[in-house]
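Novice: No sequence on hand, only this structure:
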């Protein structure tokens, strides 16, 4: 089987199905956004809070896809060839996400207590040099500039490779991906410090950035697996994808779940054992008033269950089951981000607002519709990839 | 076989085995290192240096037992000094061997077959060196068994909430599993050596060690299962051992130690220094034994890339550590890092930053990675840098913590240095002994890299 024999453009059935899904996602998104807009006028603070954590979840999928896209250029391998086009489509949504950041930029005074005047000596120093609104916005602009720059070049060169043939483009992609991954790791770290950690401005933890690095990687991989399984129902991907491809991606899911648990547990153990007044309040806040059950849900749902299931070889090779686990992991990512962002403002007890439902549906729906438009635009496999034949053969053992 | 005479060509940069090898010539070349009477100059110099330094260890340990730990520079508040620095350094070096032998096996990375054997041996000897330091540091090393929760009449049990007790379990498990994995991996090759040895004593010794290996299909089947199981058991150990070592620091609330990302940061640092040691051993060995066809440019390139990746993680850690202490607004955290950068240990700090963060950036360039001499040099620099990193973390944080009135600097004595160099001697001595007595490259695993070896899979299909 050679790459030339197959037409990798989305088939007619796939296009129909993509349009249907797009319409559905768009409608749900629109309803959600309308609800959010209503909330913005009636419950301002709650709106910003719900918007922030929903936004971070959706951004996590996109930024996570960017990391896998760059990683596969560095490592090579069949798994990278099959996820490339969905990942490229996902990172083309960064301009939309930059637009969707505007409400957060407008809401800093409502979201972050450090924007308010204070007499707290530590906070005063912090406000003077790091946690101040202009610098906060400059940093956000730098993150988006970098992400859009990386995704724009990777997409451009990949499209050129389709037109003009392999060699030079691919090495250029690898050359940008190495420094790109370093930028990504730092930008995600500072993003997590700025947008999430500074919600409790006294608290700090060096692991926090890494938790987001791995959490976004997990969101990205779970999303890409879901998309691939969806695509496998239609030509051309039904001819391409085999259990072996999914098996490889399933291993990445398993590894990422394990690393997430390792990071999350290490941070907890170290802060619990240290029990220092400037650190422990973050966990105290998240382990009482109902939040402790959310934390337990994370232990089982974000780690134990997917870990135990993903150990199975048969399960990783079963498209439907693997996709169900991936969707479940995405739900757990929602819970994890919710658990990290909201307890500080929930006044000691767990209460879910209707805006916490409208947020992920609205932003998620709009984003998904835009992603599906992007997905349809290009052939679903890189046409002139040097490893294409090998990647297709890989599935046939 | 007609192609038995074929000349072994110079390997292409991307190859993991030079063209022209056959099952026979691979076995010949690797077994010859052990079964010949000839030894290259490197070996004589290496084991000679190792033996001389080993005697230094003997001397310093004897003096230590006679006089006590006072011969070292450790004083309140710096009670950990060199001993724990060296412990962490050595145990970190071991990690690369386990990563290569276990994780890369599970990831189906074929290139590991040519370097896993001596990397595992390196792990074993590094753990032996590491294990010495807590014992020597104990003051009354003959009571070391108090660390274990054995049933005793005093009903005194170790404090299970102390990571130092976790260390006892982590390191002893690591040593046991590594030794088992290494020995099980050796069995088929010991069988080969038994069959090839001319000397009757050698025949007898290898025969005993080969434990009746006949190479039957059944033996191979059992063997492969055992290898996979041991690889599975070793994999979590790569992470857990250094994670527990990092808990030794983070569980305490000393500024500069109590940092939540220490576990992955320590693991990355361990793999970083371990791969540096793999390169530092592989480059001279392949040159002096003429093994460039088996340990090719591709292996050095891959090891260098792992070094680069882990070096970048370590760089991330250094940067975020300093940023977070600045961001935290905590005077103690800020003082700890300000002290490192400008205080009494600032020379060491900037030297370690140069070694660990600045120098590995040269590895981005393929032209740099393709020169073994430069790679050797940069791996030595990384080894020095990683030692300094542990020294910096331990000494600078202990010397100047919360209470300025109890601050006191650490000065290493000549016996600190003698013990440290002594363990380097132990490592070199054991390693060169291993090179002379056992096949330093896995014969049967390298044979699976041959194109001929792939036939079996096609038949299976």
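Specialist: Received, thanks. Remember, it's a predicted structure, so these values are computed and weren't measured experimentally.

Novice: switch to C-alpha atoms for all contacts and neighbour counts from now on
Specialist: Fine.

Novice: Low-confidence ranges, the chain, go.
Specialist: Just going to use chain A. A:1-6, A:166-170, A:395-397 (pLDDT under 70).

Novice: Not quite, go with chain B.
Specialist: For chain B (pLDDT under 70), the answer is B:1-7, B:455-461.

Novice: Find the closest residue to chain A in it.
Specialist: Relative to chain A, the nearest point of chain B is residue B:261 (4.3 Å; CA to the nearest CA).

Novice: which residues sit in contact with the closest residue to that residue other than its chain neighbours?
Specialist: The shortest distance from residue B:261 to any non-neighbouring residue, by CA to CA, 6 or more residues apart in numbering or on different chains, is to residue A:207 (4.3 Å). Shown in contact with residue A:207 (CA atoms under 8 Å, 6 or more residues apart in numbering or on different chains): A:263, A:267, B:259-261.

Novice: just the helices in the stretch 101-250 of chain A please.
Specialist: Using DSSP state H, counting those that start in this stretch, the helices assigned to the stretch 101-250 of chain A run over residues A:102-106, A:108-111, A:121-129, A:133-164, A:168-191, A:207-231, A:237-240, A:243-274.

Novice: of all those, which lies closest to residue A:16?
Specialist: helix A:207-231 (12.3 Å; CA to CA).

Novice: Now do that closest one: distance to the chain's middle.
Specialist: Distance, stretch centre to chain centre, for helix A:207-231: 5 Å (CA atoms, centre = their mean, to the nearest Å).

Novice: Let me know the angle separating it from helix A:243-274.
Specialist: Counting by axes from the mean of the first three to the mean of the last three CA atoms, to 10 degrees, helix A:207-231 lies at 160 degrees to helix A:243-274.

Novice: Spell out which parts of chain B neighbour chain A.
Specialist: B:247, B:250-253, B:258-261, B:263-264, B:312, B:316, B:320-321, B:324, B:327-330 (CA under 8 Å from any CA of the partner chain).

Novice: mind checking how far residue A:234 is from residue A:12?
Specialist: For residue A:234, the distance to residue A:12 equals 9 Å [CA to CA, to the nearest Å].

Novice: Can you give me every residue that contacts the nearest residue to residue A:313 once chain neighbours are set aside?
Specialist: Residue nearest to residue A:313 in three dimensions, not counting chain neighbours: residue A:247, with 7.4 Å by CA to CA, 6+ apart. Contact analysis of residue A:247 by CA under 8 Å, 6+ apart lists A:313, A:316-317.

Novice: which of those are buried?
Specialist: A:316-317 (16 or more other CA atoms under 10 Å in any protein chain shown).

Novice: nearest to chain B, of the contacts of residue A:247?
Specialist: Nearest to chain B among the contacts of residue A:247, counting by CA to the nearest CA, is residue A:313 at 13.7 Å.

Novice: For the closest one, what are phi and psi?
Specialist: Torsion angles at residue A:313 (phi, psi; degrees, to the nearest 10) stand at phi -70, psi -40.

Novice: Could you measure from it over to residue B:131?
Specialist: 38 Å.

Novice: what about residue B:100, which SS state?
Specialist: With DSSP: H, G, I helix; E, B strand; the rest coil as the basis, residue B:100 sits in helix.

Novice: I figured it was touching residue B:117, is that so?
Specialist: No. The criterion here is CA atoms under 8 Å, and residue B:100 misses it with residue B:117 at 9.2 Å.

Novice: Looking only at neighbour counts, state which of residue A:234 and residue A:12 leads.
Specialist: residue A:234 (17 against 11; other CA atoms under 10 Å in any protein chain shown).

Novice: Near the closest residue to the more buried one other than its chain neighbours, how many other residues are there?
Specialist: Closest residue to residue A:234 apart from its sequence neighbours, by CA to CA, 6+ apart: residue A:14 at 5.6 Å. Burial measure for residue A:14: 20 neighbouring residues, criterion other CA under 10 Å.

Novice: I figured residue A:14 hits residue A:235, correct?
Specialist: Yes. The pair formed by residue A:14 and residue A:235 meets the contact definition of CA under 8 Å, at 7.1 Å.

Novice: In contact with the closest residue to chain B within the stretch 51-200 of chain A, which residues?
Specialist: Nearest to chain B in the stretch 51-200 of chain A, going by CA to the nearest CA, is residue A:122, at a distance of 5.8 Å. Going by CA under 8 Å, 6+ apart, residue A:122 touches A:202, B:329-330.

Novice: Throw these into CSV and include neighbour count and distance to residue B:370, thanks.
Specialist: Formatted as CSV, the contacts of residue A:122 follow (neighbours: other CA atoms under 10 Å in any protein chain shown; distance: CA to CA, whole Å):
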residue, neighbour count, distance to residue B:370
A:202, 19, 48
B:329, 19, 45
B:330, 16, 46
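
Novice: Quick one: those as CSV, columns for distance to residue B:197 too.
Specialist: Listed next are the contacts of residue A:122 as CSV, based on distance: CA to CA, whole Å:
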residue, distance to residue B:197
A:202, 69
B:329, 68
B:330, 67
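
Novice: which among the residues you listed gets closest to residue B:148?
Specialist: Of all the contacts of residue A:122, residue B:330 has the smallest distance to residue B:148: 38.1 Å, by CA to CA.

Novice: Make sure residue A:307 is actually in contact with residue A:257.
Specialist: Yes. Assessed by CA under 8 Å, residue A:307 is found in contact with residue A:257 at 6.7 Å.

Novice: neighbour-wise, which of those two wins?
Specialist: For residue A:307 versus residue A:257, the count of surrounding residues by other CA under 10 Å is larger for residue A:257: 22 against 19.

Novice: Next, count neighbours for the closest residue to that one other than its chain neighbours.
Specialist: Excluding its sequence neighbours, the residue lying closest to residue A:257 (CA to CA, 6+ apart) is residue A:303, at 6.2 Å. Residue A:303 has 21 neighbours, counted by other CA under 10 Å.

Novice: Please spell out which residues along stretch B:193-210 are buried.
Specialist: Buried residues in stretch B:193-210 (16+ other CA under 10 Å): B:193-194, B:196-197, B:202-203, B:206-207, B:210.

Novice: circling back to that earlier point, most packed of the helices of the stretch 101-250 of chain A?
Specialist: helix A:207-231 (a mean of 24; mean count of other CA atoms under 10 Å in any protein chain shown).

Novice: quick one, that helix and helix A:168-191 angle?
Specialist: 130 degrees.

Novice: In chain A, what residue lies closest to chain B?
Specialist: Going by CA to the nearest CA, chain B is nearest to residue A:207 of chain A, at 4.3 Å.

Novice: got a list of what residue B:85 touches?
Specialist: For residue B:85, the contact set (CA under 8 Å, 6+ apart) comprises B:387, B:390-391, B:394.

Novice: Looking at the residues you listed, which two lie furthest apart in space?
Specialist: Longest distance between any two of the contacts of residue B:85 is 10.9 Å, between B:387 and B:394; criterion CA to CA.

Novice: got the residues of the stretch 1-150 of chain A near chain B?
Specialist: Residues of the stretch 1-150 of chain A lying close to chain B (CA under 8 Å from any CA) are A:122-123, A:125-126, A:130.

Novice: Fine, thanks again, bye for now.
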